[in-house]
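Participant: next comes the sequence, and after it the predicted model I'd like to discuss.
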Amino acid sequence: MRQTIETLLEALKSSHHDTRTHLFDVHIEKLDGDSLTLTGRVLDQAGFEALGGALAELPALAVDTASIQVLRRPGNRHLRVGTNLTGLYDTPGFSKALSSELVFGTELEILAEEGRWVFTRQNDGYLGWAYRPYLSDQPLAAATHLVIVPSIELRDAPNDYSSAILSRLLSGTGVAVLETRGAWAHVAANLTGWLPVSSLRALANLPATEAERRETMVHDAKRMMGVPYLWGGCTGNGIDCSGFARYVHALSGIPIPRDADMQHSAARPIKAPEDCQPGDVVFFAENASSRGITHVGISLGGWDMIHSSRGRNGVYIDNIQEKQGLREIFVSAGTFF
């Protein structure tokens, strides 16, 4: 009986295998005759109900599931990133693997706590551990603009690049513009200060048509030229391939998943990659990764693309057909238009 139950639990865990968006960690605490006690954690009520349905298929057992935690509850706290940038980690600790980054204002649902670390869920379902002292429970001013440059100094006075630097805001950060004076905007972010209006894009003025979006995406992508490669990076401090693709789409009001394999699954396939238009995406697979797709770039039209490449250590332009290393691992093309 124990083997049957363990096989059932392993099957359920396998169906929730992608720990970036799912969690199913249930195991046997006690099995005594026809009495079974389970313990562990599931992400949500749907996972708990899936467990109940699977157990119902077994011979009659008195099953105690009271020790199983359901992490997503209606009363969970929601916090926002209160610093200009913080990391998201696979497990608690700054020495652990960086899975992504979170800019100021990013909303997080708090699922669990461990010391000074919290297990969180973003609005798109992405899970990870964040450092609690860098999160805020204070109300934030609603964002009106996005930072569209790799990074920009936040200063204590307008019209003067010699004024004191208060902080730096990073690409993709949402800020609230409080007032403008000529070429400068007074903004509220993790601190309040001044920065050039040219470094911002109003949320009310995101490109509206497909043609405008494609043109804007190319312009935004090229603005990041030379930003260094960083695994898990999402900003002008350093960025990985899928973080770059996600960032460029976000600046045109197009939300896409975080990682390359997720983007591949979500994109609408393009049958003839040579017909790619600017702003489409191209996918690659290297080595024997369990995720399949390991790299993504943004098409500039045809086989030309811009991408954050580990090989070139940053954001640069390449032609897929002309570069053997890319040509050999090319898989397909897609689009979010």
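Facilitator: Alright, I've got the coordinates.

Participant: which neighbouring elements make contact with the helix or strand of the chain with the lowest mean pLDDT?
Facilitator: In the chain, the helix or strand scored least confidently by mean pLDDT, DSSP states H and E is helix 2-15, which has a mean of 91. Secondary-structure packing of helix 2-15 (3 or more Cβ pairs under 8 Å, 6 or more residues apart in numbering; DSSP states H and E): strand 24-32, helix 45-55. Quick note: C-beta positions are derived from backbone N, CA and C, even for glycine.

Participant: so residue 277 makes contact with residue 214?
Facilitator: Yes. In this structure, residue 277 is within contact of residue 214 by Cβ atoms under 8 Å, at 6.2 Å.

Participant: more neighbours, these two?
Facilitator: residue 214 (20 against 16; other Cβ atoms under 10 Å).

Participant: spatially nearest residue to that one, not counting backbone neighbours?
Facilitator: Excluding the flanking residues, the one nearest residue 214 by Cβ to Cβ, 6 or more residues apart in numbering is residue 279, at 3.9 Å.

Participant: got it, and residue 145?
Facilitator: In space, and not counting its chain neighbours, residue 145 is closest to residue 200: 4.1 Å by Cβ to Cβ, 6+ apart.

Participant: show the pLDDT at that neighbour.
Facilitator: Residue 200 carries a pLDDT value of 98.

Participant: list the contacts for it?
Facilitator: 145-148, 175, 177, 185, 187 (Cβ atoms under 8 Å, 6 or more residues apart in numbering).

Participant: let's see 7 Å
Facilitator: By Cβ atoms under 7 Å, 6 or more residues apart in numbering, the residues touching residue 200 are 145-148, 185.

Participant: so which of these are in strands?
Facilitator: Among the contacts of residue 200, the ones falling in strands (DSSP state E) are 145-147, 185.

Participant: of all those, which two lie farthest apart?
Facilitator: Using Cβ to Cβ, the ones in strands among the contacts of residue 200 span at most 12.2 Å, a distance reached by 146 and 185.

Participant: quick one, which of the two is more surrounded?
Facilitator: Between residue 146 and residue 185, counted using other Cβ under 10 Å, residue 185 has the larger neighbour count: 23 against 20.

Participant: show the contacting residues for that one.
Facilitator: Counting by Cβ under 7 Å, 6+ apart, residue 185 touches 177, 194-195, 197, 200.

Participant: go on, residue 137?
Facilitator: When contacts are counted by Cβ under 7 Å, 6+ apart, residue 137 is found next to residue 79.

Participant: excluding chain neighbours, what is closest to the residue nearest the centre of the chain?
Facilitator: For the chain, the residue sitting closest to the mean C-alpha position, by Cα atoms, centre = their mean, is residue 258 at 3.8 Å. Distances taken as Cβ to Cβ, 6+ apart place residue 126 nearest to residue 258, at 5.2 Å, with adjacent residues excluded.

Participant: and that neighbour, how many neighbours?
Facilitator: Residue 126: 19 neighbours (other Cβ under 10 Å).

Participant: thinking again about what came up before, got JSON lines for the contacts of residue 200, with pLDDT and distance to residue 139 too?
Facilitator: Converted to JSON lines, the contacts of residue 200 look like this (pLDDT from 0 to 100; distance: Cβ to Cβ, whole Å):
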{"residue": "145", "pLDDT": "98", "distance to residue 139": "18"}
{"residue": "146", "pLDDT": "98", "distance to residue 139": "20"}
{"residue": "147", "pLDDT": "98", "distance to residue 139": "21"}
{"residue": "148", "pLDDT": "98", "distance to residue 139": "25"}
{"residue": "185", "pLDDT": "98", "distance to residue 139": "21"}
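
Participant: ok, of those residues, which one's closest to residue 83?
Facilitator: When those are compared against residue 83 (criterion: Cβ to Cβ), the nearest one is residue 147, at 14.7 Å.

Participant: pretty sure the closest one sits against residue 171.
Facilitator: Yes. With contacts counted by Cβ atoms under 7 Å, residue 147 reaches residue 171, the gap being 5.8 Å.

Participant: any idea how far the residue nearest to residue 214 is from residue 81?
Facilitator: 28 Å (Cβ to Cβ, to the nearest Å).

Participant: ok, residue 236 next?
Facilitator: With distances taken as Cβ to Cβ, residue 236 is found 16 Å from residue 81.

Participant: and for residue 172?
Facilitator: 12 Å.

Participant: for the closest residue to residue 127 other than its chain neighbours, list each beta-bridge partner.
Facilitator: Nearest residue to residue 127 in three dimensions, chain neighbours excluded: residue 121, at 5.4 Å (Cβ to Cβ, 6+ apart). Beta-bridge pairing of residue 121 under DSSP bridges involves residue 109, residue 127.

Participant: residue 121: neighbour count?
Facilitator: For residue 121, using other Cβ under 10 Å, the count is 22.

Participant: repeat for residue 2
Facilitator: A count of nearby residues for residue 2, using other Cβ under 10 Å, gives 9.

Participant: and what about residue 317, helix, strand or coil?
Facilitator: strand (DSSP: H, G, I helix; E, B strand; the rest coil).

Participant: pretty sure it sits against residue 307.
Facilitator: No. In this structure residue 317 lies outside contact range of residue 307 using Cβ under 7 Å: 8.3 Å.

Participant: between those two, which has more neighbouring residues?
Facilitator: Comparing residue 317 with residue 307 by other Cβ under 10 Å, the one with more neighbours is residue 307, at 29 against 15.
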